[in-house]
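[1] What follows is a predicted protein model with its sequence.
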Amino acid sequence: MSTDGLPETFDVVVHPARELRGELRAQPSKNYTTRYLLAAALAPGETRVVGVATSEDAHAMLRCLADWGAGITHVGDDVVVRGFGASPRPGVALNPGNAGAVARFLMGVAALTTGTTFVTDYPDSLGRRPQGDLLDALSRLGARVESEGGRLPLSISGPVRGGAAQVSAERSSQYASALMFLAPLLPGGLDLHLTGDIKSHAPLRQTLDTLEAFGVRATANDDLSRISIPGGQSYRPGRVLVPGDYPGSAAILAAAALLPGEVRLSNLREHDLQGEREALDVLREMGADLTRAGDAVTVRGGRPLHAVTRDGDGFTDAVQALSAAAALAGGTTTWENVATLRLKECDRISDTRRELQRLGLEVSETADSLSITGAPRLAGNVTADGHGDHRMIMLLTLLGLKADAPVRITGAHHIRKSYPHFFGHLEALGARFDYLPAERH
Ligand SMILES: O=C(O)C1=C[C@@H](OP(=O)(O)O)[C@@H](O)[C@H](O)C1
Ligand SMILES: C=C(OP(=O)(O)O)C(=O)O
């Protein structure tokens, strides 16, 4: 499955880099790939999804949709999906791997079936992430739900009719997105009330955007606390183009800001709903020299950076990458309102604090914030724990490039969850890595 030419599992040794220089095309967006593939499967007929991500999460979605009965044909970088419409095959066990969004979106749609089971081969990561808020919403709608403590493995059986529904959006926006994908295919649609302090508004807008691209009518109020989707609709098949990925690109841009040289990254739409687009503003506010021409962003790196205090919830998947910039900026950077980071592939607050401290940095945390005091230089010569988390691996890689001596990152193959060509892209810019047998998986 891996197209990156690297061993199946590996630790990476990151060598200090003098500069980064060159041009790259941003990889396809993870969040739009998962959404477009799912919407394509929910559409009767054929949809061509142009430029699909090749990450493990994209493969997880493709595998699950095929198991539910979608026809999947790869044509170059595109995927042609023959949808199952409102009738995914019942009685199937789906394995979404380690992909939270994939698992949750499919759990919503599972209410169309008379029984779907969800299992994972990542019991220590996805298997620990909470699903209770979505399961509660589904059972209030009349679905039959079985789980132990609201975690995978679990099973969901419909049918449900729809109508008024409540879902908490405090721990993850993915629960509400899941119900939004389900809603148009229910006889009664859904009048959704998102409760709690709503987090991750940006992905919710990406879901609304996807529904619109597939001809599904939906209305929402400004703060997204009310989302109304009439029932009895169908997804319209057609052709959709996956935009470039801001979360992964934020790591490349942060690396480029930290090191001397010049990096140009294309395929980053200026008007895009991915919240991690804000990473560009954050880097600029920190003092980076970043310019945009159309869909290309150029960074002239090596300028001194300074600390910022920002609400990180708008760019949740770029907080790790920006933490690398913070680790080398003058002063103390604080990411506020980031409690949901604790519920990702690892605890991205406490685990990040521990790894940064291991590298010699001063870091503190509260329940919902992370503060990092920048150091003028990092000694390196340590082994850091990747925590099986692609975004932690990106952060540690950036610090290794800037350190005085190499940094080893364990389990670096988990980069493939969202960015299989991450190391290859950095090599193309002049970085150097060794790939060693993994000390542990
Ligand atoms: O809807 C999506 O595709 C995503 C939503 C976000 O999760 P939360 O809503 O849990 O913050 C984000 O972190 C994740 O990578 C993808
Ligand atoms: C948290 C992430 O993904 P997911 O929730 O889809 O597993 C991520 O991509 O950083």
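    Perfect, thanks for sending it. Ligands and ions are numbered 1, 2, ... in the order given.

[2] which stretches of the stretch 51-200 of the chain form strands?
    71-75, 78-84, 92-94, 116-118, 144-147, 154-157, 163-168, 190-195 (DSSP state E, counting those that start in this stretch).

[3] from the chain, which residue is nearest to ligand 2?
    G100 (2.8 Å; CB to the nearest ligand atom). For the C-beta atoms, the positions are set from N, CA and C on the backbone; glycine is no exception.

[4] check contacts around that residue.
    Neighbouring residues of G100 by CB atoms under 8 Å, 6 or more residues apart in numbering: 126, 129, 172, 174, 344-345.

[5] can you do 7 Å?
    126, 129, 174 (CB atoms under 7 Å, 6 or more residues apart in numbering).

[6] Which members of the residues you listed additionally contact ligand 1?
    Q174 (CB under 6 Å from any ligand atom).

[7] okay, the contacts of G100 in TSV with neighbour count and pLDDT next?
    Below are the contacts of G100 laid out as TSV (neighbours: other CB atoms under 10 Å; pLDDT from 0 to 100):
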residue	neighbour count	pLDDT
L126	25	98
R129	21	98
Q174	25	98
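
[8] Save the contacts of G100 as TSV, and put in distance to V382 too.
    Below are the contacts of G100 laid out as TSV (distance: CB to CB, whole Å):
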residue	distance to V382
L126	28
R129	28
Q174	34
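
[9] Take the contacts of G100 and keep only those in helices.
    Among those, the members found in helices (DSSP state H) are Q174.

[10] if we can go back for a sec, let me have the strands of the stretch 51-200 of the chain in JSON lines, extended by mean neighbour count.
    Output for the strands of the stretch 51-200 of the chain, formatted as JSON lines (neighbours: other CB atoms under 10 Å):
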{"stretch": "strand 71-75", "mean neighbour count": "12"}
{"stretch": "strand 78-84", "mean neighbour count": "21"}
{"stretch": "strand 92-94", "mean neighbour count": "17"}
{"stretch": "strand 116-118", "mean neighbour count": "22"}
{"stretch": "strand 144-147", "mean neighbour count": "16"}
{"stretch": "strand 154-157", "mean neighbour count": "21"}
{"stretch": "strand 163-168", "mean neighbour count": "19"}
{"stretch": "strand 190-195", "mean neighbour count": "21"}
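
[11] want to try a markdown table for these, with distance to ligand 1 and mean pLDDT as columns?
    Compiled in a markdown table, those are given as follows (distance: least, CB to the nearest ligand atom, whole Å; pLDDT from 0 to 100):
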| stretch | distance to ligand 1 | mean pLDDT |
| --- | --- | --- |
| strand 71-75 | 20 | 98 |
| strand 78-84 | 18 | 98 |
| strand 92-94 | 17 | 98 |
| strand 116-118 | 17 | 98 |
| strand 144-147 | 18 | 98 |
| strand 154-157 | 18 | 98 |
| strand 163-168 | 12 | 98 |
| strand 190-195 | 11 | 98 |
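
[12] So which residues of the stretch 201-350 of the chain form strands?
    219-220, 226-229, 239-241, 261-266, 289-293, 296-301, 309-311, 332-336.

[13] so which strand or helix has T352?
    helix 350-358 (DSSP states H and E).

[14] Run through who's touching that helix.
    Here helix 350-358 has contacts from 320, 323, 327, 363, 365, 370, 372, 382, 384-385, 387, 392, 396, using CB under 7 Å, 6+ apart.
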